[in-house]
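Please find the sequence and the predicted model below.
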Amino acid sequence: MATLDRIGTENPPPTSTGWMNPARAFAILAVVAIHSLGTVVEVNFASMGPDWWVANAIDSASRWSVPVFIMISGALALDPLRGSKPRKFLSKRVWRIGIPLVFWTIVYVAFRRFYLLPPDSDWNALVAILSGSPFVQLYFLYVLAGLTLLTPFFRLLSVHGSRRLQWGTGLIFLGIGMLDQFVSMIFSVGEANIATRFLPMAGFYILGWVLRDVMLSTRGVVWAWVAFVASTAVTALWAGFGPGEKPWLYPYEYLSPGVVVASLAAYLLLHHYMRTGFRVLHWFYPYSFGVFLLHPLVLYPLRNLIGLPTTVPGVLFHGVVMVLVYTAICVAVTWVAVRIPGLRAVFGEGGPRNPYSPQKPETPPDDAPPAGDQAPDGAR
């Protein structure tokens with residue numbers, strides 16, 4: 001509490017949010033990399049050779065992407081200047097989140113049951129849906145839907161709360177989320193479900209707003225890089241040498257200590273570096289939601305066709321080249337799909353706003369396209 005007492009009561013001056021679109025476009029590439037190498041991290045662990053360590057390093061260095069998506073969503077949704085009446089805000093999110101959530105849940109339940117699983121599998125689709133994570137990446141939509149319902153109440157913090165109160169609330173939520181994940185994973189006590197999966201991520205959502213206008217000094221940039229590199233190294237080493245089942249999966253979780261530190265550092269660094277330039281990422285951003293929704297449908301069949309890598313060059317091929325291939329295919333499909341009236345809604349484009357039309361870079365839409373996986377493969 002003494003530390004919070006030293007925090008000022010006023011928020012820093014508002015800064016441009018133009019950096020958020022290229023940041024989210026860059027983050028979706030990291031998400032695809034996580035999924036591309038997920039099975040490699042698990043299957044190739046036995047030999048613990050150079051190929052596994054390279055895959056582990058890429059995976060660990062990409063984990064910031066999901067929390068940063070949530071932080072950017074919170075940074076925009078909690079802005080009191082962009083606020084609207086709760087009914088209007090929630091109705092917009094039904095088009096942006098609700099329709100894609102229902103449609104793609106059906107698609108991926110069928111994909112999982114009829115393509116990925118053997119005929120004699122006893123996997124239960126209803127249980128998977130009630131868990132709030134019916135497929136690799138879809139849990140993010142369930143998380144975002146839960147956070148959306150609470151956004152009108154969280155926004156009271158940015159409208160009426162002091163900066164000290166905002167920091168305290170964000171840190172308390174983040175601490176509870178970290179403890180919840182530690183207890184559930186290490187001691188197998190409790191498990192997230194469709195009603196609660198969003199709650200552990202609420203700390204990131206609030207801190208996205210709290211940190212939105214923080215500008216790093218030159219010294220701050222150095223310390224942020226130190227924090228990012230050190231925490232990523234901790235995640236990779238902890239996964240390789242930690243106790244329990246190998247690789248130890250807890251360090252990869254988005255609320256593990258290493259990933260939390262890396263995510264906060266990445267958020268500040270992206271703000272620092274992406275304020276100008278990155279025209280390609282600005283162009284790519286409007287299609288990143290489509291990449292999020294589609295990439296497993298492309299990734300799993302192609303990866304099964306190519307086979308898993310067992311060499312360092314093979315890992316780099318899957319973690320870099322194939323990530324770009326998967327993304328390019330998904331961008332092409334999305335580009336076509338959003339121009340077909342019957343398909344627009346399932347890509348989040350059924351409402352009045354069309355982010356595929358030109359928009360000013362400093363005013364990105366206030367909901368983030370999404371993000372990575374919960375658990376390493378099978379679900380990965």
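On my side now, so go ahead. Numbers count the residues shown, from 1 in each chain.

need the contact list for Gly319.
Going by Cβ atoms under 8 Å, 6 or more residues apart in numbering, Gly319 touches Ala33, Ser36, Leu37, Val54, Ala55, Ile58. To be clear about C-beta, it is placed using only N, CA and C from the backbone, and glycine gets the same treatment.

do that again at 6 Å, thanks
Contacts for Gly319 (Cβ atoms under 6 Å, 6 or more residues apart in numbering) come out as Ala33, Leu37, Ile58.

Next: Gly242.
So Gly242 contacts Trp248 (Cβ under 6 Å, 6+ apart).

just to revisit the earlier point, what's the closest of the contacts of Gly319 to Ser131?
Using Cβ to Cβ, Leu37 is the member of these that lies nearest Ser131, at 23.9 Å.

can I assume that closest one is in contact with Ala55?
Yes. Contact between Leu37 and Ala55 holds when scored by Cβ atoms under 6 Å: they sit 4.6 Å apart.

Among the contacts of Gly319, which has the minimum pLDDT value?
Across the contacts of Gly319, the smallest pLDDT goes to Leu37, namely 93.

what's the neighbour count on that residue?
29 (other Cβ atoms under 10 Å).

And for Gln181, nearest residue in space, chain neighbours not counted?
Setting aside the residues directly before and after it, Gln181 is nearest to Leu255 in space (Cβ to Cβ, 6 or more residues apart in numbering), at 4.2 Å.

what's the neighbour count on Arg155?
22.

for it, phi and psi?
phi -70, psi -20 (degrees, to the nearest 10).

what residues are up against Val331?
Tyr287.

let's see it at 10 Å
Trp283, Phe284, Pro286, Tyr287, Ser288, Gly290, Val291, Leu294 (Cβ atoms under 10 Å, 6 or more residues apart in numbering).

next one: Pro22
Counted by Cβ under 10 Å, 6+ apart, Pro22 has contacts 270, 273-285, 361, 364.

okay, and for the stretch 151-300 of the chain, where does confidence drop off?
Segments of the stretch 151-300 of the chain classed as low confidence (criterion: pLDDT under 70) are 244-246.

Per-residue pLDDT of Gly372, please?
For Gly372, the model assigns a pLDDT of 38.

how close does Phe292 sit to Leu299?
Plainly put, Phe292 is 12 Å away from Leu299 if you go by Cβ to Cβ, to the nearest Å.

So for these two, which residue has more residues nearby?
Between Phe292 and Leu299, counted using other Cβ under 10 Å, Phe292 has the larger neighbour count: 29 against 23.

element containing the residue nearest in space to the middle of the chain?
For the chain, the residue lying nearest the average C-alpha position, counting by Cα atoms, centre = their mean, turns out to be Val66 (2.0 Å). Per DSSP states H and E, Val66 falls inside helix 65-77.

so what does that helix touch, helix or strand wise?
For helix 65-77, the packing partners by 3 or more Cβ pairs under 10 Å, 6 or more residues apart in numbering; DSSP states H and E come out as helix 20-43, helix 139-160, helix 163-186, helix 202-210, helix 257-273.

among those, which is nearest Ser231?
Ser231 lies closest to helix 257-273 among the helices and strands packed on helix 65-77, at 3.9 Å (Cβ to Cβ).

Distance from the chain centre to that closest one, please.
13 Å (Cα atoms, centre = their mean, to the nearest Å).

any idea which helix or strand comes after it?
Past helix 257-273, the next helix or strand by DSSP H and E is helix 279-284.

What residues of that following helix count as buried?
Leu281, His282, Phe284 (16 or more other Cβ atoms under 10 Å).

Pipe those into JSON lines and attach distance to Gly314 per row.
Conversion of these to JSON lines gives the following (distance: Cβ to Cβ, whole Å):
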{"residue": "Leu281", "distance to Gly314": "27"}
{"residue": "His282", "distance to Gly314": "33"}
{"residue": "Phe284", "distance to Gly314": "26"}
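
From these, pick the one nearest Phe89.
Proximity of those to Phe89 (Cβ to Cβ) peaks at His282, which lies at 25.6 Å.

Test my guess that the closest one contacts Asn21.
Yes. Contact criterion Cβ atoms under 10 Å: His282 and Asn21 qualify, at 5.7 Å.

Let me know the pLDDT of Phe135.
For Phe135, the model assigns a pLDDT of 94.

any idea how far Arg93 is from the closest residue to it other than its chain neighbours?
Excluding its sequence neighbours, the residue lying closest to Phe135 (Cβ to Cβ, 6+ apart) is Tyr108, at 3.7 Å. For Tyr108, the distance to Arg93 (Cβ to Cβ) stands at 21 Å.
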